[in-house]
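[1] What follows is a predicted structure for the sequence shown.
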There are 2 protein chains.
Amino acid sequence: MTEKRYAIGADIGGTNLRVALVDGDGSIVERYKASSTDADVFDSFVSAVGRLYSGEVAGIGIGVAGVIDRDKGVVKRSPNLPSVEGVGFADAIRKRFPVPVCIENDANAAALGEKWRGAGREFDSFVLFTLGTGIGGGVVHGGRLLDVAAELGHMSIVAGGVRCLCGNNGCLESYASARAMTARVVESIEGGAESLLKECCEGNVYKISPEDIYNYALDGDNLARETLKTAGRHLGVGIANAINIFSPEAVILAGGLTGAWNIYIETAIKEASKRAFPELFGAARILPSQLKDDAGAIGAARLAFDKAGTR
Amino acid sequence: MTEKRYAIGADIGGTNLRVALVDGDGSIVERYKASSTDADVFDSFVSAVGRLYSGEVAGIGIGVAGVIDRDKGVVKRSPNLPSVEGVGFADAIRKRFPVPVCIENDANAAALGEKWRGAGREFDSFVLFTLGTGIGGGVVHGGRLLDVAAELGHMSIVAGGVRCLCGNNGCLESYASARAMTARVVESIEGGAESLLKECCEGNVYKISPEDIYNYALDGDNLARETLKTAGRHLGVGIANAINIFSPEAVILAGGLTGAWNIYIETAIKEASKRAFPELFGAARILPSQLKDDAGAIGAARLAFDKAGTR
């Protein structure tokens, strides 16, 4: 009988798909990345699993952006990835690949990944924020992933604020995500603000990325700096709330936006320090992710190992 | 040897003190209530325990409003009860009464009380809000009290909002508590608003209580109704946030303000229904506390039994 020494872990955090073959120590043996449209994401995923699958695979773990029904293996809601809503991922995958399959929210999977092999290894309790197009959250408590929705990006921090894709008003995600930053820049430039960003992307403001904003901020552009700082202050509100609620040993920040650490994240930390209960803030270390974009796939693989009972 | 069949449970949620002798089934055998000033609260507490203590007491559990260091038995921070900050409750009590002593946040203790003997019995996971002068929170997950700060009243829901006693801005407590309601009424009347509440309390607006506001609202007073509804809408934001974070089976609402259920709470539920992820809102029942003011003392007694290992 073939030894079941690998698990496949997948992170479907949006239309960027990452699928990895992971060994029992949490190391990635082979990695497959793809971009697809929302409509194609399920087929792209199946095809990626097919490339990595073998008789040595003990199980398949899938992290998906959205609200998950763990027992039924269904994505109940995914504002950023509507085509997967209602899709019975677990059943559909199990039919094609006869191994245990489990499904989890992508940020929760990333939190478990960081606990297993990353920045969370030394902590019994931490809160993880994924900072990208949207904002996700995952919580480890008592050394284990807390199986709650942990939709920290959809906690309202501006009760009367702007409408979010999820239907709520004033969500953290609407003020501190990449989407919020680029929207703010477009709005400001269209409103007549002076900024070097006007010249970015051959003048097409809709193509300005968070990286562009960061680079222009480093060059001293005022709109770019203010955009990052405003988003950072709002992220600080979210971090303070998470600290007052979970009293964690650490807050781990993951996702592409952490590249703007010295402006965006430093502003957030300063804001959180003014807001959270000082005793709780002082007890929480604030750290970057170590696994970066691999955290979700590694955490999902861990779930698959645990479900298969083979690691 | 005397049988250790009781525990003493205390709820020090403010200057109102409640200490109870509780049997192994969670029933209160004897109850002692007192009001005291902030400065006297520790002495009042010791005196109350003295009245109930006997050789049949297995342990003493204490719920205190504030941030607790469970291991050291110290109240680290208590915005509403500053005299107890830094007080080594557990040690001081243990010196006088030679039994195991444990300490917990008062709203956390209330959540455990509701889980043991109240509205939370049938749920594996729920979030409890205590709605009074301030707002507290407690979370049960996987059938057990989650040992986190759970300071849901000090989650900022209006990032640029008013300053809270805790130092944060825009806390839920500043918009949805009894203190928020009475402050709003005073401010409105002093600002010239027309209201029958002007005639309440012999014209002393500073004496108007949340009960007065509720009674005048029932009589059709506009300011009173709007005050309750505004507070309710903000509570709804807090409930929605808690649902999106904890995806609980239930939200249990406790504290004096639940007396205004048909205006304040109904408004909150409606607001939360518009804000939380529909799948999560639909899965969460919203219920009143069953143990009312006894929840904290009963939950604290349960902690004492568990610590003593005698129940």
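    Alright, I've got the coordinates.

[2] okay, now the residue of the stretch 151-300 of chain A found nearest chain B: neighbour count?
    Here the stretch 151-300 of chain A gets closest to chain B at one residue, A:Ser247, 3.8 Å apart by Cβ to the nearest Cβ. Heads up, the C-betas are built off the backbone N, CA and C, glycines and all. A count of neighbours around A:Ser247, defined by other Cβ atoms under 10 Å in any protein chain shown, yields 25.

[3] With adjacent residues omitted, what lies nearest to it?
    Nearest non-adjacent residue to A:Ser247, counting by Cβ to Cβ, 6 or more residues apart in numbering or on different chains: B:Ala149, 3.8 Å away.

[4] Break down the stretch 101-250 of chain A into its helices, ranges please.
    Here the stretch 101-250 of chain A has its helices, by DSSP state H, counting those that start in this stretch, at A:106-117, A:173-176, A:178-190, A:210-218, A:222-246.

[5] OK, contacts around the residue most central in space within chain A?
    Note on chain A: the residue nearest the mean C-alpha position is A:Thr130, at 3.4 Å, using Cα atoms, centre = their mean. For A:Thr130, the contact set (Cβ atoms under 8 Å, 6 or more residues apart in numbering or on different chains) comprises A:13, A:106-107, A:110, A:136-138, A:254-255.

[6] Surely A:Ala39 and A:Val84 touch.
    No - contact criterion Cβ atoms under 8 Å: A:Ala39 and A:Val84 do not qualify, at 10.1 Å.

[7] who's more crowded, the two?
    The residue with more neighbours, out of A:Ala39 and A:Val84, is A:Val84; 20 against 10, by other Cβ under 10 Å.

[8] Counting neighbours, what do you get for the residue lying closest to the more buried one once chain neighbours are set aside?
    Using Cβ to Cβ, 6+ apart and skipping the chain neighbours, the partner closest in space to A:Val84 is A:Val75 (4.8 Å). Look at A:Val75: counted by other Cβ under 10 Å, it has 26 neighbours.

[9] what's the neighbour count on the residue of the stretch 1-150 of chain A found nearest chain B?
    Going by Cβ to the nearest Cβ, chain B is nearest to A:Ala149 of the stretch 1-150 of chain A, at 3.8 Å. As a burial measure, A:Ala149 scores 26 neighbours (other Cβ under 10 Å).

[10] show me the contacts for it.
    Shown in contact with A:Ala149 (Cβ under 8 Å, 6+ apart): A:67, A:105, B:244-247, B:277, B:280.

[11] that older thread, pairing partners for the residue nearest to A:Val84 in the sheet, please.
    For A:Val75, the beta-bridge partners under DSSP bridges are A:Ile68.

[12] Pull up the gap between it and B:Asn168, please.
    35 Å (Cβ to Cβ, to the nearest Å).

[13] before we move on, what about A:Ser44?
    A:Ser44 is 44 Å from B:Asn168, by Cβ to Cβ.

[14] Give me the more crowded residue out of these two.
    B:Asn168 (25 against 18).

[15] Could you double-check that that one sits in contact with B:His154?
    Yes - B:Asn168 lies in contact with B:His154 (Cβ under 8 Å); the separation is 5.9 Å.

[16] which residues do these two both contact?
    A:Asn244.

[17] if we can go back for a sec, of the helices of the stretch 101-250 of chain A, which approaches B:Gly232 most closely?
    Proximity of the helices of the stretch 101-250 of chain A to B:Gly232 was assessed by Cβ to Cβ; the nearest stretch is helix A:222-246, lying at 20.7 Å.

[18] What strands line up against the helix or strand just after the closest one, and which way round?
    Heading C-terminal from helix A:222-246, the first helix or strand you meet, by DSSP states H and E, is strand A:250-254. Each strand paired with strand A:250-254, and its direction, by DSSP bridges: strand A:126-131 (parallel), strand A:285-288 (parallel).

[19] Take those and lay them out in CSV including mean pLDDT and distance to A:Asn204.
    As requested, these are exported to CSV (pLDDT from 0 to 100; distance: least, Cβ to Cβ, whole Å):
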stretch, mean pLDDT, distance to A:Asn204
strand A:126-131, 97, 25
strand A:285-288, 98, 31
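
[20] which of those is buried the deepest?
    Comparing the strands paired with strand A:250-254 by mean neighbour count (mean count of other Cβ atoms under 10 Å in any protein chain shown), strand A:126-131 ranks first with a mean of 30.

[21] Kindly calculate the angle that it makes with helix A:178-190.
    Angle of strand A:126-131 versus helix A:178-190, following axes from the mean of the first three to the mean of the last three Cα atoms, to 10 degrees, is 40 degrees.

[22] Run the chain-centre distance for strand A:126-131.
    Mean C-alpha position of strand A:126-131 versus that of the full chain (Cα atoms, centre = their mean, to the nearest Å) differs by 8 Å.

[23] Stretch A:54-74 now?
    Distance, centroid of stretch A:54-74 to centroid of chain: 16 Å (Cα atoms, centre = their mean).

[24] what about it, start to end distance?
    End-to-end distance for stretch A:54-74: 24 Å, by Cα to Cα, to the nearest Å.

[25] ditto for stretch A:182-196
    With Cα to Cα as the measure, stretch A:182-196 spans 14 Å from end to end.

[26] For chain B, tell me whether the helix or strand where A:Ile93 lies is touching it.
    A:Ile93 is located in helix A:89-96, with elements delineated by DSSP H and E. No - counting by Cβ under 8 Å from any Cβ of the partner chain, chain B is not contacted by helix A:89-96; separation bottoms out at 15.7 Å.

[27] I'd like the average pLDDT over that helix.
    Helix A:89-96 shows an average pLDDT of 90 in the prediction.

[28] Contacts for that helix next, please.
    Identification of contacts with helix A:89-96 by Cβ under 8 Å, 6+ apart yields A:42, A:46, A:49-50, A:60, A:62, A:64, A:72-75, A:100-103.

[29] what two of those residues have the greatest distance between them?
    Within these, two members stand farthest from each other by Cβ to Cβ: A:Gly50 and A:Lys72, at 23.9 Å.

[30] tell me the SS of A:Pro79?
    Here A:Pro79 is coil, with the state taken from DSSP: H, G, I helix; E, B strand; the rest coil.

[31] Can you report how many residues lie near it?
    A count of nearby residues for A:Pro79, using other Cβ under 10 Å, gives 20.

[32] Identify the residues contacting it.
    Here A:Pro79 is in contact with A:66, A:134, A:164-166 (criterion: Cβ under 8 Å, 6+ apart).

[33] will you turn the residues you listed into a markdown table that also has distance to chain B, neighbour count and pLDDT?
    Converted to a markdown table, the contacts of A:Pro79 look like this (distance: Cβ to the nearest Cβ, whole Å; neighbours: other Cβ atoms under 10 Å in any protein chain shown; pLDDT from 0 to 100):
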| residue | distance to chain B | neighbour count | pLDDT |
| --- | --- | --- | --- |
| A:Gly66 | 9 | 26 | 89 |
| A:Gly134 | 13 | 29 | 92 |
| A:Cys164 | 9 | 22 | 95 |
| A:Leu165 | 11 | 14 | 90 |
| A:Cys166 | 6 | 23 | 91 |
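
[34] Identify each buried residue in stretch A:288-304, please.
    Buried residues in stretch A:288-304, counting neighbours by 16 or more other Cβ atoms under 10 Å in any protein chain shown, are found at A:289-291, A:293-304.

[35] Alright, I will stop here.
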